[in-house]
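Trainee: give me the fold of what follows.
(chains A and B)
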Amino acid sequence: MKKLDLRLLRMIKASKGQFISVVIIIMVGLSIFISFSTTAVNMRNAIDYYYEESKLSHIHVQLMRIPQNALNEIESMEGVTDVQGRISFDVPLKIDDKGEKVTIRIISMPEGGGKVNRLYPGETMDGLNQGKTILIRQFAQARNIKPGDIIQPYINGREHSLKVADVASSSEFVYLMENEQTMMPANERFGVAYVAEEFAQSVYGFGGSYNELLIRVKDEDMIDDIARKLEERLDKYGVKRIVKREDQLSNKILSQELLGLDIMAAAIPVLFLIVAGIIIVIVLSRIVSNDRMSIGVLKALGYSNGQVLLHYLKYALIIGITGSVLGIIVGLVIAGAMSEIYAMFFEIPLLKVEIHYIYIIYSIVLTSLFCMVSGFMGARRVLGIMPADSMRPEPPKSGKHIFIENISFIWSRLSFSWKMVIRNIMRTKRRFVFLVMGLAMAFAINTIPIFMWDNATGMFYIQYGKFQKMDYIIGLAKPMNENVIYDVKGLLKVGKLEPRVEYPFEISNGLKKLNANIVGVPRNTMFYEFRNEYDEEVILPYKGIFITEYMAKALNVKKGDYVRVRNFIPGKDDMYFEVKEVIKQYLGVNAYMDIEHMREKLTEKNMITAISVASKDDVKTKLEDIRNISFVNSREDMTKAFEEYMDVMLLSINIMILFGGILGFALIYNSTIISISERRMELAALRVMGFDKREIFWMLAKENFVITVISILLGIPMGTGMIYSIADAFNTEIYSLPMIITTRIFILAGLSTVLFVSIAQLAALKKIHNINFIDALKSRIS
Amino acid sequence: MERTPQIKVENLSKVYQMGEVQVKALDDVSFEIYEGEFVVILGPSGSGKSTLLNIMGGMDLPTSGRVLIAEEEITKYNDTKLTAYRRDKVGFVFQFYNLMANLTARENVELAAEICKDTMDIDEVMAEVDLSERKNHFPSQMSGGEQQRVAIARAVAKNPLLILCDEPTGALDFKTGILILALLRKINKKLNKTVVVITHNMAVGDMADRVIKMRSGKITEIKVNPEPIPPERIEW
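Mentor: Model (predicted):
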């Protein structure tokens, strides 16, 4: 081995702690990059393959009723390759536990499974005939239902017994969710049962017709165009919704999740590499100034500038390569585990864990680049060292007055030791700037998980405690006269009830459109509280419409504009409504109207589709045997599900905080060690003068304290920026994070930063103990 | 027979700008040194002898004047050429040895040798400076005299044209200093290497073939010793 390289290795060995701390940062950053990217790509590949294998529809149409023979007309449209009709209804399932309400979606399937939305594995579809059903896997697993068991749904008000022929997965329900409002899956409370087409048609009286169409197209670029044409063609059949694949619920949530992975895979490793780079700059510039004389000797011996510079760059490069290799190994292991976790949440039967070498190459190239640049920034002073000069002792650092001293109001009030602390910080301005930047970043990283936690919780409790106060929403199987309220009221001895109409519509402004439910509630609603963008409470108008913030943004409308509501009910015309307010809503996207106005303009007089209830009564049990109820949504169940979900989230939040902590630790640990070694003589002199080790420690601690405080102050805007961009990236139709940034977030993030800084200081403390002050004072010669 | 000088210094001047003051470290210095000579440059501190050595060693450039080494004008060299010159033609010995702390004695010598083409056998050189037994020790495990012997080995192993020594005994006690001087003399004689030693110690001049005395950046005297005494007989 070249002797210069040998020297380098011994140098690394002598400062293991610093070396390891930077390697760990790179390792963590890269393992996140590798694991997240690999998982995202594996998921994408698997899902693309799965969608193609199972012939997932490109367009999914919900309508009132369409006769079988009308399908030929659709199939002949340009670009359409396959059309399949089906019948789909949500019905309650009979369950032993009376308190539990389980909804099952009955979906018809042609003999042999048809050409679109085929189940996996394919052979399961063969056994489907009268009286049998194929159950979706997630639901069957959650409720422990096996082939051969009997399930008993209430279909059209009658109890039917269906024998489970098999269990299968569907690419339509990779993420099994009832609708946009449910926010998270509850596999034991919502399932899908596939039945034979004749069976579904006969029980629903849909002989020879369907209420849903599944359409596949030749070219995915044509989806928009075909969807637009379908709107006109199918108008007479009462189109409720035309859902393109990108809007399909399961696919949308999956895409959202993958987007999240992409963002994390891009942002976090870069932050880690920046901090690693900062430490490399600080450490290397220290090493170079320590080695000033050795550098001079090397040059005197005939080593060229390039050779000497490379010697120090190799230090950065070895850190980078060690970090990347470890990060790649750890990342691949995590990728395997992550894929397994995702397989638990998403039913992707064909998910394979593959290694994508391109990400490994990216990692190495990116890290080497970062390390070389920061290595150069740290070591470039090598070039300026003249061999002749380096033999002479370095002149003492010029002690200059600093600008604060001119502000005598402040300066005169500082104690001597504080003056020293501030002068010391200012003496190495460049390092100070780097350190503050890095620490501010570590702090900012800590604000994100705290924000997410606070706001996910806030989002849920504001939505379901403040904006919507009902305990239950009872969904009717079909629109009924509002007198049904009195029947329900009779059954429930206590409680408040309110009628409700909820229908899906297409709401548009010019070419921009959105499918969403319009909810009609009484003007003096007991259960809803509407708040506009300025957080002022607003009351539903007699005429006009309230839309949620997301909708306003998606349609590009504001208060006072008009939106078009496309009516699917045959014989009803499209209507224009004035947007009276843009309101806040964190879960789901809706519009709200006065129930009377809505029924007059859009639906039918006196008809309701659901009842909102506030009652301490055991609503679910009491309504269990009632016909015509398709679902009972209870706030309690949602809260329970939400809290379970938050338990899972807590883990990732802790990991994020740990990430910020690692960065803060490494920064302070390294800078403190450097500070100590740099000032060995000075500190030794203080020891000789009678300062004890603890006093010296406090002096260094004060410096770090000042740096930490400044970093936190700088980190507040930085963290706010990060929070905004992350919240923006995660805003969807399903949920939008309320942008409530409280001081609590910054206090907690600050506390965790201070905690990690303190740990790092204690770790560096032993170096003070190691100073042999007599040696340190003797000479500067090695 | 007319000898050609190995080192030819002509009208060399070096001016340092220290703030607003100009300091003349070298003021129109000229002399010649011949191959195989043991030369001592004598002068008090601040006389310009270190500056002179640095320029001769290709570590610094003069303000005016020329230095020719084996008829090559090194003062015209650019940085790359100067580096190559230092690598192949010069061996340095410093007052404070300046060894790499984390390399062993032998590794320190190899460090210098491995970038040169035509080097001497490392173990032979180690034996020459009487360090065969100590070659695997780190500098911190060695005495000052031993460290300086490593430094001499480091300079010699490159097989240079000339060996430049800056106060090589300055940090050593009398006895060890004499041993180092004897070692330098031995290498000078045995390997026929030109050795230039700068020192403020007048007594060292007695062992030189040629003594150049300096004061305030000027040469005050050049003396050729017809009969230099062996270093063992020097006293101070």
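
Trainee: skipping adjacent residues, who's closest to residue 79 in space?
Mentor: I'll assume chain A. Computed as Cβ to Cβ, 6 or more residues apart in numbering or on different chains, the closest residue to A:Gly79 that is not its neighbour in sequence is A:Met222, at 4.2 Å. Placement of C-beta: from N, CA and C, glycine included.

Trainee: actually it's chain B I care about, not the one you picked
Mentor: Counting by Cβ to Cβ, 6+ apart, B:Asp79 lies nearest to A:Asn305, which is 7.3 Å off, once chain neighbours are set aside.

Trainee: how many neighbours does the one you found have?
Mentor: Using other Cβ atoms under 10 Å in any protein chain shown, A:Asn305 has 17 neighbouring residues.

Trainee: how about the strands in chain B?
Mentor: B:7-18, B:21-33, B:38-42, B:64-69, B:72-73, B:90-93, B:162-166, B:194-199, B:210-215, B:218-224 (DSSP state E).

Trainee: looking at the ones you listed, which is nearest to chain A?
Mentor: If you check each of the strands of chain B against chain A by Cβ to the nearest Cβ, strand B:90-93 wins as the nearest, at 5.0 Å.

Trainee: and the closest one, which strands flank it?
Mentor: When pairing is defined by DSSP bridges, strand B:90-93 lines up against strand B:162-166 (parallel).

Trainee: who touches the strand it pairs with?
Mentor: For strand B:162-166, the external contacting residues (Cβ atoms under 8 Å, 6 or more residues apart in numbering or on different chains) are A:391, B:6-7, B:50, B:53, B:56-57, B:69, B:89-95, B:152, B:155-156, B:184, B:187-188, B:193-198.

Trainee: now for B:Phe92, how many residues are close by?
Mentor: By other Cβ under 10 Å, the residues close to B:Phe92 number 27.

Trainee: hang on, it packs against A:Gly302?
Mentor: No: the criterion here is Cβ atoms under 8 Å, and B:Phe92 misses it with A:Gly302 at 9.7 Å.

Trainee: who in chain A is up against chain B?
Mentor: Taking Cβ under 8 Å from any Cβ of the partner chain as the contact definition, chain A meets chain B at A:2-4, A:6-7, A:10-11, A:14, A:293-294, A:296-297, A:299-305, A:307, A:386-388, A:391, A:781-782.

Trainee: which strands or helices does the helix or strand that A:Lys580 is a member of pack on?
Mentor: Element membership of A:Lys580 [criterion: DSSP states H and E] is strand A:575-583. Secondary-structure packing of strand A:575-583 (3 or more Cβ pairs under 8 Å, 6 or more residues apart in numbering or on different chains; DSSP states H and E): strand A:530-531, strand A:537-538, strand A:545-548, helix A:549-555, strand A:562-566.

Trainee: give me the below-cutoff pLDDT ranges for the stretch 501-650 of chain A.
Mentor: Under the criterion pLDDT under 70, the flagged ranges of the stretch 501-650 of chain A are A:570, A:624-626.

Trainee: tell me which element the residue most central in space within chain A is part of?
Mentor: A centroid search over chain A (Cα atoms, centre = their mean) returns A:Gly260, at 4.8 Å, as the residue closest to the centre. Counting by DSSP H and E, the element that carries A:Gly260 is helix A:249-290.

Trainee: what mean pLDDT would you report for that helix?
Mentor: Helix A:249-290 carries an average pLDDT of 89.

Trainee: other SSEs contacting it?
Mentor: Using 3+ Cβ pairs under 8 Å, 6+ apart, helix A:249-290 sits against helix A:16-53, helix A:305-345, helix A:357-379, helix A:429-461, helix A:635-678, helix A:693-730.

Trainee: mean pLDDT lowest for which of these?
Mentor: It's helix A:635-678: among the helices and strands packed on helix A:249-290, that one has the lowest mean pLDDT, namely a mean of 83.

Trainee: from the chain's centre, how far out does it sit?
Mentor: Distance of helix A:635-678 from its chain centroid, counting by Cα atoms, centre = their mean, to the nearest Å, is 16 Å.

Trainee: who are the packing partners of that helix?
Mentor: Judged by 3+ Cβ pairs under 8 Å, 6+ apart, helix A:635-678 is in contact with helix A:16-53, helix A:249-290, helix A:429-461, helix A:693-730, helix A:743-769.

Trainee: packing partners of the host helix or strand of A:Lys240?
Mentor: Using DSSP H and E, A:Lys240 sits in strand A:239-244. Other helices and strands packing on strand A:239-244, by 3+ Cβ pairs under 8 Å, 6+ apart, are strand A:59-67, helix A:223-233, strand A:496-509, strand A:512-521.

Trainee: quick check, central residue of chain B?
Mentor: Centre-nearest of chain B using Cα atoms, centre = their mean is B:Leu164, 1.3 Å out.

Trainee: can you pull the contacts of B:Lys49?
Mentor: B:41-43, B:198, B:214.

Trainee: what does chain B put close to chain A?
Mentor: Counting by Cβ under 8 Å from any Cβ, chain B sits next to chain A at B:50-51, B:54, B:57, B:59-60, B:79-80, B:83-88, B:90, B:92, B:94, B:96, B:98-103, B:107-108, B:110-112, B:114-116, B:139-140, B:154, B:158, B:166.

Trainee: among those, name the buried ones.
Mentor: For these, a burial check counting by 16 or more other Cβ atoms under 10 Å in any protein chain shown picks out B:50-51, B:54, B:57, B:59-60, B:83, B:85-88, B:90, B:92, B:94, B:96, B:98-103, B:107-108, B:110-112, B:115-116, B:139, B:154, B:158, B:166.

Trainee: not counting sequence-adjacent ones, nearest residue to the residue of chain B at minimum distance from chain A?
Mentor: Nearest residue of chain B to chain A: B:Arg87, at 2.4 Å (Cβ to the nearest Cβ). Of all residues not flanking B:Arg87 in the chain, A:Gly302 sits nearest, at 2.4 Å (Cβ to Cβ, 6+ apart).
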